[in-house]
Each structure stands twice: as C-alpha cells, then as structure tokens.
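**Student:** what's the 3D shape of this:
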Amino acid sequence: MTVNNTNSSREDIDGDGVTVAFTVNFKFLENTHLEVIHVDFIGAETPWVLDTDYTVTGAGNPTGTVTATTAPITGERLVIVRNVPFTQTKDYVANDPFPAESHENGLDKNTMMAQQLEEENNRILKVSVGTDPSVDVTLPPPVADAVIAIWSPTANAMVIGPTAGAISGAEASAQAAAASAVEAAASAATVTTEFANIATMVASTVHSVGDVVKTLGYITEGDGGNNLYKIVAAATGTVDGGSFIDLTGITGQAQGLFTDGLNVKQFGALGDDSTDDSATIQAALDYAYEDNAPDTGVDDWYSTATRIVKFPVGIYVMGDV
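**Tutor:** Next comes the predicted model:
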C-alpha cells in the first residue's frame, strides 16, 4: 500500500466531553507508532499511555482509530502524531524469493519517517530563506533567568538577552519615572477655579481657554470622581464624559488631565449597586486602551493595554464591556 505524500502525520482534536473514538487519517504500521498527547485548558501537555489512557486499532490500514479511556472535555485537546522508530529491520536472504510485501512496508516506513520529520520541522524556529547564510543562528550558552537570545547589534549572531532582574529593574525605573511625571504635571498645573462637580464646571462662564480647573467630584462633591481639567477649544477631542467634556457656559471643552490616576468615577460611573455603569466604564477602558491613562503601577488597578484604570470601592452594575 502506498503512502501518499499529501497525507498528514498529525491529528488535532477538540474534546467535547462525550466522544472517545477518534479517526487517525494517516497510515501507521504498529500501534506503538502513534503518540497521543493530552492538552488541557492552560496548554499543559501530558503524554498518554497506550492501553492505559487509550487503545489503537487499524494498524497497517489507510486509517485507524484511537479510543480514549475517558473523553476529553470541552476546552481540552488531543494531539495524535506518528512516532515511528528510526530503525531498519528488513533482512534480505540471498536467493530467496523477493519479499514484495515486507519490502513495500519498509518503503512505507521510510516515507512515514520523512513525514514525521516534516511535522516536527514545521514546529521549529527558522530564519527566512532570504537570510544571509553567514549569519550565525547558534543559541548562546544558557544563563539562569535570562532571555534565551536576541540578535546582536550587528544582526549577525544571537546573544543572551537581559536577565529577569534587569527587566524588573527597568520596569521599576519606568514606573518611578511615570509617577514622577504625574507629580510634576500636578505641581505644574496652576488651578484657576474649583467646582463642586462636573455640572457646575460645564455651566460656568468664568473660565477661558488655557485655564486649568478642578472638580471636587463628578456628580456630587466627594464622590471620588474629582479631576483636573484643562479648558481647550471646542471640538478638540471626542466627547466621552471623561477625557473630553463639552462646556455650555463658554465655547470650549474641558480636557481631563488625570494627574492623580484614572478611575471609572471620573467618567460618571456611580458604583451604587443599581445604576447600569456599563457605558461609563467602557468609556474609561477605551480611553486607557488608547494608551492615554497614567501608569502609576498601583497593584489594585484594572489593567488594559499598558495602562491602568481604578475602580473605587463600590458595587458596579454592568452588562458586557
């Protein structure tokens, strides 16, 4: 029997908690020539044991069947691959009749080994075909807790990357710099007027473009939605209830500065266990996702992209966000 060169040597199967019999759509010569790997929800792989975790039928046929002892559940996967030993077991005796069947099996096995290598080759890291052949792609010796390898400054070899400690140190320095920038922005902003809430700021006629004003709350003073705003020209930004707010007392907008960090109450969320805060929370997350929110490094903040959004204490009613 031939082994078509378009045959796969791999099956990827999604579990459903019910199905236990799985078709193997490629030829294998012996039951031991298959390897079955169970992949769980987080991607952890466990090789299954033949005749314990699964059984095999159909060896020598164009297709076969792997039957699991226990059905993999939804979210789990089975990977079935060839595991043909790299041996040559055929022994031809001089002047004996030509053993056509065993000879063909030997050729089939050679083809299966080639397909097995091709499947493995498809899973390895490779440089593009256009890469200069003089480039050294040998991995450097291992270093504990270091990035495996990065390209050298001349891009002609691989070198050990930074250690985990160096990365953590750089991250801490970046967070400290960000916090310092926030403090500097806050100290540099000269507040011209304070308002109890957003409504009074919006209706006020006393400020002008260029002023920096402060609110002591969003709906009511002290509700946690306080912020600094810069008064800017009309239509400077897209109104979202937090980063840009249209004014009615003058022609212009209030642009949120968020110098003390970004929280959902600065976009109008109430967290009162009854009001649907979906739209206001989504507006805050969208603003943060656009890489605008200050990165303060505080642990209790909701992370989105590289920025963070705080949820002050409260019970927030939400649909999908």
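
**Student:** residue ranges with poor pLDDT in the stretch 1-150 of the chain?
**Tutor:** 1-2, 4-7 (pLDDT under 70).

**Student:** strands of that one, start to end?
**Tutor:** Ranges of strands in the stretch 1-150 of the chain, per DSSP state E, counting those that start in this stretch, are 10-14, 21-24, 34-39, 45-47, 54-57, 64-68, 77-82, 150-151.

**Student:** tell me what the fifth one is packed against?
**Tutor:** Counting contacts by 3 or more Cβ pairs under 8 Å, 6 or more residues apart in numbering; DSSP states H and E, strand 54-57 packs against strand 64-68. (Each C-beta comes from the backbone N, C-alpha and C, glycine too.)

**Student:** these two touch, right, Asp145 and Gly165?
**Tutor:** Yes: using Cβ atoms under 8 Å, Asp145 is in contact with Gly165, at 6.9 Å.

**Student:** picking up where we left off before, among the strands of the stretch 1-150 of the chain, which is nearest Ala177?
**Tutor:** Of all these, it is strand 150-151 that lies closest to Ala177, at 23.4 Å by Cβ to Cβ.

**Student:** give me the contacts around that closest one.
**Tutor:** The contact list for strand 150-151 (Cβ atoms under 8 Å, 6 or more residues apart in numbering) reads Ala157, Met158, Val159, Ile160, Gly161.

**Student:** which SSE is the last one in?
**Tutor:** Following DSSP states H and E, there is no helix or strand that holds Gly161.

**Student:** returning to what we had before: tabulate the contacts of strand 150-151 in JSON lines, adding columns for distance to Thr69 and pLDDT.
**Tutor:** Below are these laid out as JSON lines (distance: Cβ to Cβ, whole Å; pLDDT from 0 to 100):
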{"residue": "Ala157", "distance to Thr69": "49", "pLDDT": "87"}
{"residue": "Met158", "distance to Thr69": "44", "pLDDT": "87"}
{"residue": "Val159", "distance to Thr69": "48", "pLDDT": "88"}
{"residue": "Ile160", "distance to Thr69": "44", "pLDDT": "88"}
{"residue": "Gly161", "distance to Thr69": "43", "pLDDT": "87"}
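
**Student:** list buried residues within those residues.
**Tutor:** Met158 (16 or more other Cβ atoms under 10 Å).

**Student:** closest to Ala269 out of the contacts of strand 150-151?
**Tutor:** Nearest to Ala269 among the contacts of strand 150-151, with distances taken as Cβ to Cβ, is Gly161, at 41.2 Å.

**Student:** how about the contacts made by that closest one?
**Tutor:** Ala146, Val147, Ile148, Ala149, Ile150.

**Student:** among those residues, which one has the most neighbours?
**Tutor:** Ala146 (17 neighbours; other Cβ atoms under 10 Å).

**Student:** can you tell me how far that residue is from Val159?
**Tutor:** 10 Å (Cβ to Cβ, to the nearest Å).

**Student:** Thr111 against Lys27, yeah?
**Tutor:** No: judged on Cβ under 8 Å, Thr111 makes no contact with Lys27 at a distance of 9.2 Å.

**Student:** between these two, which one's more packed in?
**Tutor:** Legend: neighbour count by other Cβ under 10 Å for Thr111 and Lys27, higher for Lys27 (24 against 18).

**Student:** in contact with that one, which residues are there?
**Tutor:** Met1, Val3, Asn7, Gly60, Asn61, Pro62, Thr63, Gly64, Asp108, Met112.

**Student:** for these, which one is nearest Thr205?
**Tutor:** Asn7 (78.9 Å).

**Student:** looking at the strands of the stretch 1-150 of the chain, which is closest to Gln266?
**Tutor:** Using Cβ to Cβ, these put strand 150-151 closest to Gln266, at 39.9 Å.

**Student:** and for the helix or strand following the closest one, what's in contact with it?
**Tutor:** Later in the chain than strand 150-151, the nearest helix or strand by DSSP H and E is strand 158-159. Strand 158-159 is contacted from outside by Asp136, Val137, Thr138, Leu139, Pro140, Ala149, Ile150, Trp151, Ser152, using Cβ under 8 Å, 6+ apart.

**Student:** can you pull the contacts of the last one?
**Tutor:** So the one you mean is Ser152. Ser152 touches Met158, Val159, counting by Cβ under 8 Å, 6+ apart.

**Student:** distance check, it against Ile250.
**Tutor:** Applying Cβ to Cβ to Ser152 and Ile250 gives a distance of 58 Å.

**Student:** re earlier: and which of the contacts of strand 158-159 is nearest to Val56?
**Tutor:** The closest of these, once distances to Val56 are taken by Cβ to Cβ, is Leu139, at 36.6 Å.
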